[in-house]
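>>> What follows is a predicted structure for the sequence shown.
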Amino acid sequence: MAKLKTIAVITPGGDAPGMNTAIRAVVRTAIFHGVKVWGIKEGWWGLMHDNLVELATKDVSGIINRGGTILHSRRCPEFKDKANRRLAYQNLRAKGIEGIVAIGGDGSMRASQIIMKETGLPVNVIPATIDNDIPGTDYTIGFDTAVNTAVEAIDKIRDTATSHQRLFVVEVMGRHNGFIALDVALVAGAEACFIPEVKHNINQLVKLIKAGHERGKKSFIIIVAEGAADSHKIVAELQRRLNIEVRLTILGHMQRGGVPTALSRELACKLGATAVELMIKGGGGYLIGAISDKICCSPINKIYKAKKQIDLEQLRIANMLAT
Ligand code: F6P
């Protein structure tokens, strides 16, 4: 087997705290083993437009604790077009790139699968998205940070909710799934939680709040994943049917930024190093995750269409503890 000489690293999807930590791990591991690394800037769009820079050890100094991605990112619908992908492949070939480490979510995994099929180049994917919706890993890089960011905000909201005896609907990210919402609801002690995986029932929520009121509860926090329901409509409906002031807070993109937590960084260091060392040994086409604290490499072609299941037992516990 010929020695691997040159790889590239890319962060093509939505950013997540800990991505920089992962870039650092990829670059330093590659250089440690004598492999040259190109950073592809601005995602797949940057690859199509030849926006690549060679990265040295010093280029990733001081980023282990920085949110965002130094490589920048950009949504790139143009990459769905095969002619555009051909441009991207020419740019890879021109630089002698023999493998890619993609740091991202489900979109990055799908694109990686196409690239491998069309070029034969190995791509290893490191799961990084605040959504935690990637199979083959218990947690994605950035998820723990986003949950902590949301919980910190909700703890503050609870102070004012209690003072004014109000109900707050707090919308968290998660367009297609409720992983953030469910974790946040459990650890912030929310009274209820709406997630896209479970059909919500507003009548039941009204009943629950009324029962809480009768037991002496004066304030309420309801967590809504952005993809579960229209939070504005929920607020209007609750305001109409309950004798309590209702307010809405949409946490939005603040959940995607900030200093990565120790857990997000630990995952990024370990998965980044493994993705490169596996490729050096000839292993390409894997999603590098961690299951029960053990690094676990799953073939992308087997899992890129799979859907990670939400833990409904956690929802049951959250609901039980909220009563
Ligand atoms: O994939 C991460 C995510 O933050 C989702 O939770 C959210 O729905 C989406 O990205 C927002 O994407 P954009 O920043 O492109 O609006």
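Yes, it's here.
>>> By neighbour count, which bits of stretch 216-229 are buried? Give me those.
Buried positions in stretch 216-229, judged by neighbour count with 16 or more other CB atoms under 10 Å: 217, 219-229. In short, each C-beta sits where N, CA and C put it, glycine included.
>>> do stretch 163-172 as well
166-172.
>>> closest to the ligand among these?
Nearest to the ligand among those: V172, at 8.5 Å, using CB to the nearest ligand atom.
>>> Is that closest one bridged to anything, and to what?
Following DSSP bridges, V172 is listed with bridge partners A225.
>>> picking that back up, for the buried residues of stretch 163-172, which one is nearest G258?
V172 (14.4 Å; CB to CB).
>>> Check whether the closest one really touches G227, as I assumed.
No: if you go by CB atoms under 8 Å, V172 and G227 don't touch, sitting 10.4 Å apart.
>>> Let me have the buried residues of stretch 163-172 in a markdown table, adding pLDDT and secondary structure as columns.
Below are the buried residues of stretch 163-172 laid out as a markdown table (pLDDT from 0 to 100; DSSP: H, G, I helix; E, B strand; the rest coil):
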| residue | pLDDT | secondary structure |
| --- | --- | --- |
| R166 | 98 | coil |
| L167 | 98 | strand |
| F168 | 98 | strand |
| V169 | 98 | strand |
| V170 | 98 | strand |
| E171 | 98 | strand |
| V172 | 98 | strand |
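>>> which of these sit farthest apart?
So, the buried residues of stretch 163-172 by CB to CB: farthest apart are R166 and V172, at 18.5 Å.
>>> what comes into contact with stretch 316-323?
Residues outside stretch 316-323 that contact it (CB atoms under 8 Å, 6 or more residues apart in numbering): 182, 185-186, 189-193, 212.
>>> quick revisit: reformat the buried residues of stretch 163-172 as JSON lines; add distance to the ligand.
Formatted as JSON lines, these follow (distance: CB to the nearest ligand atom, whole Å):
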{"residue": "R166", "distance to the ligand": "26"}
{"residue": "L167", "distance to the ligand": "24"}
{"residue": "F168", "distance to the ligand": "20"}
{"residue": "V169", "distance to the ligand": "17"}
{"residue": "V170", "distance to the ligand": "15"}
{"residue": "E171", "distance to the ligand": "11"}
{"residue": "V172", "distance to the ligand": "8"}
